[in-house]
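Engineer: turn this into a structure:
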Amino acid sequence: MRCHFLQPWDDASRIAVIDQDGVYTYRELERLVATLIGAFTSAGIGPVVSICLPNSIELVATLLALLNLNTTCVLVPVTARPQVLNHIHQTLRPSAWLVQHNAKPPLAEDWNRIALLKGPRRCFVAITSPVDTGSEFLHSEMREAAVCKVTSSSTGMAKIIGVSSNALAAEANNVANALSLSPSDRVFVPVSMLHSYGFDLGFLAPLQAGATMIIGYPFSASLLERVASTAATVFLGVPLMYMSMMRRPSCQPDLQCMRLMLSCTAPLSEATIREFSQRYGIILCQHYGTSETGALTNHIPSEVLRRPASVGRSIPGVRLRLIDAHGRVVQSGAGFLLAQSSGMGIGYLSQGTSVKGAGFSPEGFHTGDKGWFDSEGFLYLLPQERCAAAKQQYVQS
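Structural biologist: I've put the predicted structure just below:
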């Protein structure tokens with residue numbers, strides 16, 4: 001088994017997944033994974049597969065099955081733009097794409113359907129392009145990638161990051177420890193599990209801890225009531241969700257089970273943090289990470305109102321340093337953030353090869369963000385400092 005964090009859980013009768021259509025125990029999840037392993041093997045699916053499915057029990061089982069088969073999983077959110085899909089196809093030449101049944105093929109080619117796969121509630125299909133599958137990728141040093149994450153910069157240019165199985169295992173452990181996850185936790189995941197944030201915190205970490213994943217509920221005006229009704233203890237949000245929740249004056253759900261509400265992907269204003277706390281009695285904690293490094297920092301609830309502008313302290317398995325434009329360590333004041341993490345990616349993929357540089361270096365990953373630390377190690381990111389020009393300046397240096 002390549003991903004060694006995927007191991008039998010202590011109590012298979014515990015609930016693994018809750019989605020809109022059902023409740024599934026870890027035992028039921030294991031059975032579905034075994035069924036899909038057989039189906040994928042019979043269909044000859046692999047060695048590089050793009051997964052483009054919504055949050056569901058089928059997605060969770062598919063990821064587990066393919067990782068057990070030593071298949072490289074390319075994580076493609078269903079909202080990915082055509083140019084991103086084309087970049088993935090041209091760069092990696094996946095041997096198959098897994099998409100929703102009757103979904104439009106990801107690219108304008110004559111696709112062949114090679115398998116119809118049935119989950120507990122939904123069907124999905126494996127399709128393949130009639131031209132040139134992943135031979136180039138297989139013969140590159142990036143064949144050690146268990147997962148490929150896809151991210152887009154402000155220019156819209158897609159970047160593909162390879163992540164090894166060892167890094168996945170480390171990331172699962174790092175995040176589970178940082179969030180103090182346990183089997184009693186219920187993690188509500190409204191963000192895509194095929195984005196780095198949702199994958200690391202909503203898939204890897206709950207599995208590591210034997211917690212419950214609550215998935216398949218898209219963002220809506222009544223989402224907070226849904227969160228309360230599921231007795232969720234951890235919520236993975238983004239700033240837009242919290243701002244929308246604040247616009248509903250009549251909404252007063254009972255959140256007594258909630259112990260951690262996280263915000264990631266964009267800065268969360270101090271005003272939103274304070275207003276949310278006053279209205280709902282819940283502290284919003286900023287979380288910071290990148291697709292290249294995985295999770296880097298997480299705020300501490302007891303410290304948020306004292307430091308609302310901070311994104312927290314580095315989590316276990318992570319080392320953060322500040323450097324200047326010439327790569328020299330900054331002892332005090334602001335600097336560019338250099339990150340080292342046991343969950344960090346191998347590098348960028350370009351035509352089947354690993355591209356070092358462009359952010360990756362032997363010292364760590366140059367995030368392109370600028371910030372500073374206070375005397376107790378809390379990180380503050382400076383606004384509007386993430387830009388290609390600044391990043392290019394110190395990477396070239």
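Engineer: walk me through the domains of this structure.
Structural biologist: Following automatic domain parsing, the chain resolves into domains at 23-139, 165-396.
Engineer: tabulate the ones you listed (CSV), appending mean pLDDT, distance to Ser152 and mean neighbour count.
Structural biologist: The C-beta positions use only the backbone N, C-alpha and C, and glycine is treated the same way. Formatted as CSV, the domains of the chain follow (pLDDT from 0 to 100; distance: least, Cβ to Cβ, whole Å; neighbours: other Cβ atoms under 10 Å):
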stretch, mean pLDDT, distance to Ser152, mean neighbour count
domain 23-139, 83, 6, 18
domain 165-396, 89, 10, 19
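Engineer: how about CSV for these, with distance to Ala146 added?
Structural biologist: Formatted as CSV, the domains of the chain follow (distance: least, Cβ to Cβ, whole Å):
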stretch, distance to Ala146
domain 23-139, 6
domain 165-396, 4
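Engineer: show me where the stretch 251-397 of the chain has its helices.
Structural biologist: For the stretch 251-397 of the chain, applying DSSP state H, counting those that start in this stretch gives helices covering 270-280, 301-304, 388-396.
Engineer: Ala158 is nearest to which of the domains of the chain?
Structural biologist: domain 23-139 (4.3 Å; Cβ to Cβ).
Engineer: does Gly202 touch Val189 like I think?
Structural biologist: Yes: counting by Cβ atoms under 8 Å, Gly202 does reach Val189; the two are 3.5 Å apart.
Engineer: any shared contact partners between the two?
Structural biologist: 213, 215, 236 (Cβ atoms under 8 Å, 6 or more residues apart in numbering).
Engineer: and of the residues you listed, the nearest to Ala172?
Structural biologist: Met213 (13.1 Å).
Engineer: correct me if wrong, but the closest one is in a strand.
Structural biologist: Yes: according to DSSP: H, G, I helix; E, B strand; the rest coil, Met213 belongs to a strand.
Engineer: and it, how close does it get to His326?
Structural biologist: 45 Å (Cβ to Cβ, to the nearest Å).
Engineer: swap in Arg122?
Structural biologist: To His326, Arg122 is 53 Å away according to Cβ to Cβ.
Engineer: now Arg14
Structural biologist: Distance from Arg14 to His326, counting by Cβ to Cβ: 52 Å.
Engineer: give the contact list for the residue lying closest to Phe276 once chain neighbours are set aside.
Structural biologist: Nearest non-adjacent residue to Phe276, counting by Cβ to Cβ, 6 or more residues apart in numbering: Leu284, 5.4 Å away. Contacts here follow Cβ under 8 Å, 6+ apart; on that basis Leu284 touches 237, 242, 261-263, 268, 272-273, 276-277, 304.
Engineer: next one: Val76
Structural biologist: Going by Cβ under 8 Å, 6+ apart, Val76 touches 50-52, 84-85, 88, 97, 106, 150, 194.
Engineer: with Leu98 instead?
Structural biologist: By Cβ under 8 Å, 6+ apart, Leu98 lies in contact with 49-53, 62, 117, 124-126.
Engineer: among those, which pair sits farthest apart?
Structural biologist: Of all pairs in the contacts of Leu98, the most separated under Cβ to Cβ is Ser50 and Leu117 at 14.6 Å.
Engineer: for Gly46, see how far away the residue nearest to the spatial centre of the chain is.
Structural biologist: Centrality entry for the chain: nearest residue to the mean C-alpha point is Ser196, 2.2 Å, by Cα atoms, centre = their mean. Going from Ser196 to Gly46 by Cβ to Cβ gives 23 Å.
Engineer: could you do Leu382 as well?
Structural biologist: Per Cβ to Cβ, Leu382 is found 44 Å from Gly46.
Engineer: next one: Ser164
Structural biologist: Ser164 is 17 Å from Gly46, by Cβ to Cβ.
Engineer: contact partners for the closest residue to His299 other than its chain neighbours?
Structural biologist: Spatial nearest neighbour of His299, excluding adjacent residues (Cβ to Cβ, 6+ apart): Gly312 at 3.4 Å. Shown in contact with Gly312 (Cβ under 8 Å, 6+ apart): 285-288, 297-300, 303, 378-379.
Engineer: okay, and the beta partners of Gly312?
Structural biologist: Legend: beta-bridge partners of Gly312 under DSSP bridges are Leu379.
Engineer: do His287 as well
Structural biologist: Taking DSSP bridges as the rule, His287 bridges to Asn298.
Engineer: can you pull the contacts of it?
Structural biologist: Applying Cβ under 8 Å, 6+ apart, the residues contacting His287 are 197, 201, 262-264, 295, 297-299, 311-312.
Engineer: no further queries at this time; thank you.
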